[in-house]
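Q: sequence plus predicted model, see below.
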Amino acid sequence: MQFDTTVITGSLPYLWQGMQYTLQLTAISALGGLFFGTLLALARLSPIKPLALIAAGYVNLMRSIPLVLVIFWFFFLVPLLLQAALGAERPPQVGAERTAIITFIMFEAAYFCEIMRAGIQSIPRGQVYSAYALGLTYSQSMRLVVLPQAFRNMIPVLLTQTIILFQDTSLVYVISATDFVGAAAKIAQRDGRLIEMYVFVALVYFVICFTLSLAVRQLQRKIAVIR
């Protein structure tokens, strides 16, 4: 079987649309996951025991089940739950794109939570006590003193998790969302050129992820020097 590159070059516009969706989903999920992950981290470190237990339970649950299962749960079960709650005749359609955004944010929040919790705990307690001595409240000391330093310390780990998230977005293919992998799969099935398309997809992912990994490693060295 001869390797035909024309099927790749002829499909680049459609593949680029899929890549745009992959990048968009990665960006939204990373920002949403970081926001809610930071809130979860603060909840886990909270002196309010019930709040800390609820946050810990959520994080442990999400980190103990496969992402693809969370996607399936939300895509197939949530419409049934909404139908029962609303008393509708038919399950409301959540949609593949909405499912992808919500489930990825929910899932990534648990991982970003643990990263941020480690970052917060890496800040010496003396700085918190100094902030209290200056008259800052708990929320002000976290917002103005602890979190900025924690974010800086955790930037390499946060970026590494984002690279993993970029790879994981390919799972939306299972609910027929047209991401980069989904677009390539549709072209491969249409033209019967599975080898060409999947080799091209693998090369693209390798180049992007390997390049970003090198950049994160270089950034990690710079942060270590600054310390």
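A: Cool, got the structure.

Q: low-confidence stretches in this protein?
A: The model of the chain has pLDDT under 70 over residues 1, 224-227.

Q: how about the nearest residue to P156, chain neighbours excluded?
A: Nearest-residue entry for P156: Q220, 4.1 Å, with adjacent residues in sequence omitted and distances by Cβ to Cβ, 6 or more residues apart in numbering. (Each C-beta comes from the backbone N, C-alpha and C, glycine too.)

Q: what about that neighbour, how many residues close to it?
A: Neighbour count for Q220, taken as other Cβ atoms under 10 Å: 15.

Q: then A110?
A: For A110, the tally of surrounding residues (other Cβ under 10 Å) stands at 20.

Q: number the residues from 31 up from this point.
A: Got it, first residue is 31 now, which makes that one A140.

Q: secondary structure class for it?
A: helix (DSSP: H, G, I helix; E, B strand; the rest coil).

Q: what's near enough to touch it?
A: If you count contacts by Cβ atoms under 8 Å, 6 or more residues apart in numbering, A140 has them with G67, L70, Y88, V89, L91, M92, R93.

Q: where does the fourth one fall, secondary structure wise?
A: If you go by DSSP states H and E, V89 is part of helix 79-92.

Q: by contact count, what packs against that helix?
A: Under the contact criterion of 3 or more Cβ pairs under 8 Å, 6 or more residues apart in numbering; DSSP states H and E, the helices and strands touching helix 79-92 comprise helix 42-74, helix 126-151.

Q: same list (these) but as JSON lines, adding distance to Y235.
A: Below are these laid out as JSON lines (distance: least, Cβ to Cβ, whole Å):
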{"stretch": "helix 42-74", "distance to Y235": "10"}
{"stretch": "helix 126-151", "distance to Y235": "17"}
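
Q: of these, flag the one that's most buried.
A: Each of these was given a mean neighbour count from mean count of other Cβ atoms under 10 Å, and the largest, a mean of 21, is that of helix 126-151.

Q: counting neighbours, what do you get for T241?
A: Using other Cβ under 10 Å as the criterion, T241 is surrounded by 11 other residues.

Q: where's it, which helix or strand?
A: Element membership of T241, judged by DSSP H and E, is helix 224-256.

Q: just give me how far that helix sits from the chain centre.
A: From the chain centre to the centre of helix 224-256 is a distance of 16 Å (Cα atoms, centre = their mean, to the nearest Å).

Q: packing partners of it?
A: Packing contacts for helix 224-256, counted by 3+ Cβ pairs under 8 Å, 6+ apart, involve helix 36-39, helix 177-198, helix 210-221.

Q: check which residues of the first one are buried.
A: This means helix 36-39. With burial defined by 16 or more other Cβ atoms under 10 Å, the residues of helix 36-39 counted as buried are V37, I38.

Q: cool, and the last one?
A: Counting neighbours by 16+ other Cβ under 10 Å, one finds that the buried residues in helix 210-221 are F210, V211, G212, A213, A214, A215, K216, I217, A218.

Q: excluding chain neighbours, give the residue nearest to the last one in space.
A: Using Cβ to Cβ, 6+ apart and skipping residues adjacent in sequence, the residue nearest A218 is M227, 3.9 Å away.

Q: distance of the one you found relative to E127?
A: Distance from M227 to E127, counting by Cβ to Cβ, to the nearest Å: 22 Å.

Q: repeat that for L224.
A: When distances are taken as Cβ to Cβ, L224 and E127 turn out to be 26 Å apart.

Q: and what of L107?
A: Using Cβ to Cβ, we find L107 at a distance of 18 Å from E127.
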